[in-house]
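Q: Build me a model from this:
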Amino acid sequence: MLKFLLLILTLYSINATLIFEWKTVDLQFPSPEVRQRMIEDQSFITEDINIRRVAVYEDKLFIQLYQARGAPLSLAYVNLTDTSTKSPILIPYPSWSAHFDTLEESRLIHDVMAIRVDRCHRLWVLDRINEGYLTHHALIIFDLATDQIIKRHKFSNPGYRIAMAIEDANCGDTYAFTSDDYSGDIWVYSLKKNETRCIPGDKISSMIFTSNSIYYNKGKDVFYVATEKLRKSANVKDFERKSDISADLLISALDTKRNILYYANKYCECNDIHTVCWDATKPCDRHDWRLGNYTTFQVTDLILNKDTLYVLEATLSFRSEVQYKFHSVSLTEKL
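A: Numbers count the residues shown, from 1 in each chain. Just a heads-up that it's a prediction; the model follows:
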């Protein structure tokens, strides 16, 4: 009991800047007529538009949406510089037509499972495609300067991929690593060669990349493997445990500049953000945080962009007027 009380007392309440909040999430349609028609045939139901994860690039906030009957698309964006409203309408990315086609197989985007922005000004999209009884996936890579597709690669085998990490030290020779939640395999994609290869591995539900290694969870323990081994070997067995850390990487952001891993417990119905020194041999100025007094909200995503930590929260209460909150926390200021 004493340890529990000490934990509560060491949680710092921070004044994060509220950027957006949504009571209901609405979409930008090609016309009012299209919107009304989709409401009538129930292919658009506002209650089915639920935010899953986010990514930030310059003044754009990319938003991944859950696939549902009344959710006609799964990838959109809003402008972070738009101060005209706290509840902006979501704009389909890269366009409305990318999510719709008369022929299902001709659609560009089906059901987005993961999004990542790399340092080379590209958006990586892991898309899920249901084909009868099988589920396939594709990687779609966008040039964020033009919003045009650089590459689209469809995986040859069915599966259920939910985690993705990008190794982008070399913009011309970038690698994507995706995990298959069913088989436990890791799939390595080479942008330069435009090909994938499979490596048997553990079941991985979350990944982060740093220091030439992929880090992932097994329980709360953190394991890692060098990406060079994943790129070159057909059977990697030397996954090592990072013994100085116990943290949930599913909702996390790594700040190598400050040697801090920010993370939230996915099983905690709270809006606490925990911190730990990533390299235990080096000092870090860490404090666990609580986002104000919003006790009916849960942290669902953390994104680090330069010196700003972005936080997405979702309500835990059916009675709450606000469904989602999106904050920013300046890491250059004294917290």
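
Q: After the host helix or strand of Ile214, which helix or strand is next?
A: According to DSSP states H and E, Ile214 maps onto strand 213-218. Remark: after strand 213-218, the chain's next helix or strand is strand 221-226, criterion DSSP H and E.

Q: got a list of contacts for that next one?
A: Strand 221-226 is contacted from outside by 202, 212-217, 236, 238-242, 245-247, 249, using C-beta atoms under 8 Å, 6 or more residues apart in numbering. All C-beta atoms are positioned from the backbone trio N, CA, C, and that covers glycine.

Q: Same question for the next helix or strand after that strand: list its buried residues.
A: Heading C-terminal from strand 221-226, the first helix or strand you meet, by DSSP H and E, is helix 227-232. By neighbour count on 16 or more other C-beta atoms under 10 Å, the buried set for helix 227-232 is 227, 229-231.

Q: ok, now stretch 63-73?
A: Result for stretch 63-73 [16+ other C-beta under 10 Å]: buried residues 63-65, 67, 71-73.

Q: any chance of the residues you listed in CSV, plus distance to Ile45?
A: Output for the buried residues of stretch 63-73, formatted as CSV (distance: C-beta to C-beta, whole Å):
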residue, distance to Ile45
Ile63, 17
Gln64, 18
Leu65, 13
Gln67, 13
Ala71, 8
Pro72, 9
Leu73, 13
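
Q: In strands, which of those fall?
A: 63-65 (DSSP state E).

Q: before we move on, back to that, buried by neighbour count, from the contacts of strand 221-226: which ones?
A: The buried subset of the contacts of strand 221-226 - by 16+ other C-beta under 10 Å - is 213-217, 236, 239, 242, 245, 247, 249.

Q: So, low pLDDT: which residues of the stretch 151-300 of the chain?
A: The model of the stretch 151-300 of the chain has pLDDT under 70 over residues 158, 201, 205, 234-236, 238, 292-295.

Q: how many neighbours does Ile49 have?
A: 23 (other C-beta atoms under 10 Å).

Q: wait, I meant Gly132
A: Gly132 - counted by other C-beta under 10 Å - has 5 other residues nearby.

Q: Lys60 now?
A: Neighbours of Lys60 using other C-beta under 10 Å come to 19.

Q: Over to Tyr133?
A: Tyr133, neighbours per other C-beta under 10 Å, totals 6.

Q: which phi and psi does it have?
A: Phi and psi for Tyr133, reported as degrees, to the nearest 10, are phi -90, psi 0.

Q: mind checking how far it is from Arg197?
A: 25 Å (C-beta to C-beta, to the nearest Å).

Q: Which of the buried residues of helix 227-232 sits closest to Leu331?
A: Thr227 (26.7 Å; C-beta to C-beta).

Q: Give the closest residue to the closest one in space, chain neighbours not counted.
A: Glu167 (5.1 Å; C-beta to C-beta, 6 or more residues apart in numbering).

Q: quick one: the one you found from Val299, how far?
A: Between Glu167 and Val299 the distance is 26 Å, computed by C-beta to C-beta.

Q: Report the strands that pair with the one helix or strand Arg128 maps to, each with its relative direction.
A: Assigned by DSSP H and E, Arg128 belongs to strand 122-131. Looking at strand 122-131 with DSSP bridges, its partner strands are strand 111-117 (antiparallel), strand 134-143 (antiparallel).

Q: Can you name the residues in contact with the first one?
A: Identification of contacts with strand 111-117 by C-beta under 8 Å, 6+ apart yields 53-57, 62, 64-65, 67, 74-75, 123-130, 137, 144, 161-166, 178.

Q: What is the distance between it and the centre of its chain?
A: 7 Å (C-alpha atoms, centre = their mean, to the nearest Å).

Q: Can you show me the CA trace of that strand as PDB?
A: What follows is strand 111-117, C-alpha atoms only, in PDB (Å, rounded to 0.1, in the frame of the first residue of the first chain):
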ATOM      1  CA  ASP A 111      -8.000  -0.800 -43.900                       C
ATOM      2  CA  VAL A 112      -4.900   1.000 -42.500                       C
ATOM      3  CA  MET A 113      -3.200  -1.000 -39.700                       C
ATOM      4  CA  ALA A 114      -0.200   1.200 -39.000                       C
ATOM      5  CA  ILE A 115       1.300   4.600 -40.100                       C
ATOM      6  CA  ARG A 116       4.900   5.900 -39.800                       C
ATOM      7  CA  VAL A 117       6.600   9.100 -40.900                       C
END
